[in-house]
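Novice: missing the sequence, but the structure's below:
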């Protein structure tokens, strides 16, 4: 099942169900006005939404206007972002002389969740000198998760999978990181690709609690990276259990993988500029690639082995606030 | 004006206006069902709420049942907590051998905001060995703040002042802090004192953007600290401007001061156990005071010079989850 949110309706947008080919849609209806509302009563909501999906499969529905799409969850009560790709962490540590972290524990911070930008929204920043960077990653949306769940139990709470662009301001990031308090200024609103999909939509590409698909990142129309989600050091269920150790997770909580990164970065490239710069520093002593400028565009897309566009495209321009 | 939220109504509770003596209340009515709704349209809401406050001043209203009170904001889209008391930071750095931080920038992290516990709610934790600690602090609630505001402009967006207990798990805190990612497991849900008050309610005790009042903290009925909010190294308007540097702040955002702490800690005590332990480590090489046990109670209260209870009491018991 593929869900999306279009403009209109509640402040949380209007929930719609999208056909398997992404061409048509049906509104979820008044009972499930928004995805956040559906997450709060997922068993009942998913049964109703599945009926709409069946109707779409039978040929019903109206053409989908992708220009009307917002983030599937335009806001949520909680966004906890991991950094689960070991290669990314290692490259950053080597390049920037950071202390190695304890590899037995997931890394995670709480980020801004009151607004997720839509897949085509322009992205406003106050200043180019802040080191504007994209971060392509995957995420999951859970229903209510009780404190203390095991990873096994957590797996059953993963209801939807999403693709996220975690916008980052690299000039500010190390200053905030050094305090130990995590990031506020360096991590403004993220963006989400149009479709939130149930794990079964991924078929065999959802395995070991990971999205085993290539995420393609283009910057100003040029391939920047094509990286696979399979190399997470911790699975999504493990990240959810980590998040829930001392708190109940509210329905609609989004848990992120962190920047997708592969050991084969020489062939596959990267999903953020900062990682490429780290590779350049390691190779040649200094970074070669500049961060984004106003007017630059980033595009992210995930296709499965059959060529199907799973999450829809993120295509965004960076603009002056 | 003093506002509170009682059980019932929306998932966000029912907004009520409370008399100056805290004895009586009037419902805010259907137009302003919750404090979050009021924050989203503050100019209109505050005018209506002021009418209810005037009616209360004229003797109207029903007796306030403090047992029915939730946190004034039982949830919000964003909670950004500072650490603005220099004494607290310095004591922690010395005792725990942390690197000194850049004192020219406020410290701030994003915390859990999907649930704020009520002033009398029991506080569930999975394990006593996690180093259960209270942190008495002040906070402000803002309406929508645009990205890039100055501190001067930010001052006008501060609509309410609250008193917060930022529950902390000290065994986990240094592990998470060391990663640079900030705290997730070490910072579960906070609690709020019953009344959110407009700055003018504090009279001359709201000055230089600070709450210049004593916060009294009792642990199991014994005085633990009586610390004044005047020694913040950064004012609340400065903290709001810091938070808004690269993001618009959503209406209802709560910005915290961090643990209230005074240079005269020898006489005034502390607002968290960890700080007292730091003082003990500095004085004698090791901590003497244990963290909280299940069944322990913490109480926080703020009285002004006339003896008036400004925010109402927090009185909570720590329990096994």
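Specialist: Happy to help now that I have it. As the structure is a computational prediction, the values presented were derived from the model and not from experiment.
Novice: top helix in chain A by residue count?
Specialist: Ranked by residue count and defined by DSSP state H, the top helix of chain A is helix A:42-57.
Novice: hmm, who's touching that helix?
Specialist: With contacts defined as CB atoms under 8 Å, 6 or more residues apart in numbering or on different chains, helix A:42-57 is touched by A:1-3, A:17-20, A:24-29, A:31-32, A:37-39, A:61, A:143, A:159, A:198, A:251. C-betas here are computed from N, CA, C, even on glycine.
Novice: Just the buried ones from those?
Specialist: A:1-3, A:17-19, A:24-28, A:32, A:37-39, A:61, A:143, A:159, A:198, A:251 (16 or more other CB atoms under 10 Å in any protein chain shown).
Novice: before we move on, the earlier item: could you point out the helix or strand that follows the longest helix of chain A?
Specialist: Downstream of helix A:42-57, the next assigned helix or strand under DSSP states H and E is strand A:62-63.
Novice: Partner strands of that following strand, with direction?
Specialist: Strand pairing for strand A:62-63, using DSSP bridges, gives strand A:24-27 (antiparallel).
Novice: which residues are contacting the partner strand?
Specialist: A:4, A:6, A:14-19, A:52, A:55-56, A:60-64.
Novice: Show me what counts as buried in the longest helix of chain A.
Specialist: Those would be A:42, A:45-46, A:48-49, A:52-53, A:56, for helix A:42-57 by 16+ other CB under 10 Å.
Novice: same deal with stretch A:235-244?
Specialist: Result for stretch A:235-244 [16+ other CB under 10 Å]: buried residues A:235-244.
Novice: ok, is stretch A:78-97 in contact with chain B or not?
Specialist: Yes - Stretch A:78-97 reaches chain B (CB under 8 Å from any CB of the partner chain) through A:78, A:80, A:83.
Novice: distance between the ends of that stretch?
Specialist: In stretch A:78-97, first residue to last residue: 31 Å (CA to CA, to the nearest Å).
Novice: Need the mean per-residue confidence for that stretch.
Specialist: Average pLDDT, stretch A:78-97: 94.
Novice: how distant is that stretch from the center of its chain?
Specialist: 15 Å (CA atoms, centre = their mean, to the nearest Å).
Novice: What of stretch A:99-114?
Specialist: Mean-position distance between stretch A:99-114 and its chain equals 15 Å (CA atoms, centre = their mean).
Novice: And stretch A:211-226, by the same measure?
Specialist: Distance of stretch A:211-226 from the chain centroid (CA atoms, centre = their mean) equals 14 Å.
Novice: With stretch A:28-36 instead?
Specialist: Distance, centroid of stretch A:28-36 to centroid of chain: 22 Å (CA atoms, centre = their mean).
Novice: What is the end-to-end distance of stretch A:82-89?
Specialist: For stretch A:82-89, the separation between the terminal residues is 11 Å (CA to CA).
Novice: Any buried residues in it, and which?
Specialist: A:82-85, A:87-89.
Novice: ok, and what's touching it?
Specialist: Stretch A:82-89 has contacts (CB under 8 Å, 6+ apart) with A:101, A:103, A:106-108, A:231-234, A:239, A:242, A:255-263, A:265, A:272, A:275, B:181.
Novice: Next step: those residues restricted to helices.
Specialist: A:239, A:242, A:265, A:275.
Novice: Could you check the one helix or strand residue A:175 maps to against chain B for contacts?
Specialist: Here residue A:175, judged by DSSP H and E, is contained in helix A:173-179. Yes - Helix A:173-179 reaches chain B (CB under 8 Å from any CB) through A:175, A:177-179.
Novice: Under the pLDDT cut-off, which ranges of chain A? List them.
Specialist: Within chain A, no range satisfies pLDDT under 70.
Novice: Can you give me every residue that contacts the closest residue to chain B within it?
Specialist: Closest residue of chain A to chain B, CB to the nearest CB: residue A:182 (2.2 Å). Counting by CB under 8 Å, 6+ apart, residue A:182 makes contact with A:109-110, A:176, B:109-110, B:180-183.
Novice: possible to save the residues you listed as TSV with distance to residue A:220?
Specialist: Converted to TSV, the contacts of residue A:182 look like this (distance: CB to CB, whole Å):
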residue	distance to residue A:220
A:109	29
A:110	32
A:176	28
B:109	34
B:110	31
B:180	31
B:181	30
B:182	33
B:183	37
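Novice: Among the residues you listed, which are located in strands?
Specialist: Within the contacts of residue A:182, residues falling in strands by DSSP state E are A:109-110, B:109-110.
Novice: Adding neighbour count, write those residues out as a markdown table.
Specialist: Below are the ones in strands among the contacts of residue A:182 laid out as a markdown table (neighbours: other CB atoms under 10 Å in any protein chain shown):
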| residue | neighbour count |
| --- | --- |
| A:109 | 27 |
| A:110 | 25 |
| B:109 | 27 |
| B:110 | 26 |
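Novice: hmm, back to that, for the residue of chain A closest to chain B, which non-adjacent residue is spatially closest?
Specialist: Spatial nearest neighbour of residue A:182, excluding adjacent residues (CB to CB, 6 or more residues apart in numbering or on different chains): residue B:182 at 2.2 Å.
Novice: How about residue A:124?
Specialist: Excluding its sequence neighbours, the residue lying closest to residue A:124 (CB to CB, 6+ apart) is residue A:321, at 3.8 Å.
Novice: Likewise for residue A:240?
Specialist: residue A:154 (3.8 Å).
Novice: what about that neighbour, is that helix, strand or coil?
Specialist: On the three-state scheme (DSSP: H, G, I helix; E, B strand; the rest coil), residue A:154 is labelled helix.
Novice: swap in the one 10 residues further on?
Specialist: Of the three states, residue A:164 takes strand according to three-state DSSP.
Novice: how close does it get to residue B:262?
Specialist: According to CB to CB, to the nearest Å, residue A:164 and residue B:262 sit 43 Å apart.
Novice: Residue A:159 now?
Specialist: According to CB to CB, residue A:159 and residue B:262 sit 48 Å apart.
Novice: for the longest helix of chain A, the distance to its chain's centre please.
Specialist: On CA atoms, centre = their mean, the centre of helix A:42-57 falls 24 Å from the chain's centre.
Novice: now stretch A:280-296
Specialist: 23 Å.
Novice: And for stretch A:158-174?
Specialist: For stretch A:158-174, the distance to the chain centre is 6 Å (CA atoms, centre = their mean).
Novice: Do a quick rundown of the helices in chain A.
Specialist: Secondary structure of chain A (DSSP H): helices located at A:35-40, A:42-57, A:86-96, A:151-155, A:173-179, A:236-243, A:265-268, A:273-284.
Novice: Name the residues of the fourth one that come out as buried.
Specialist: Neighbour-count burial for helix A:151-155, counted by 16+ other CB under 10 Å, picks out A:151, A:154-155.
Novice: Which member of those residues is positioned nearest residue A:308?
Specialist: Ranked by distance to residue A:308 (CB to CB), these are led by residue A:155 at 24.1 Å.
Novice: need the contact list for the closest one.
Specialist: Residues counted as contacts of residue A:155 (CB under 8 Å, 6+ apart) are A:209, A:236-237, A:240.
Novice: and what of residue A:296?
Specialist: By CB under 8 Å, 6+ apart, residue A:296 lies in contact with A:132, A:219-220, A:317-318.
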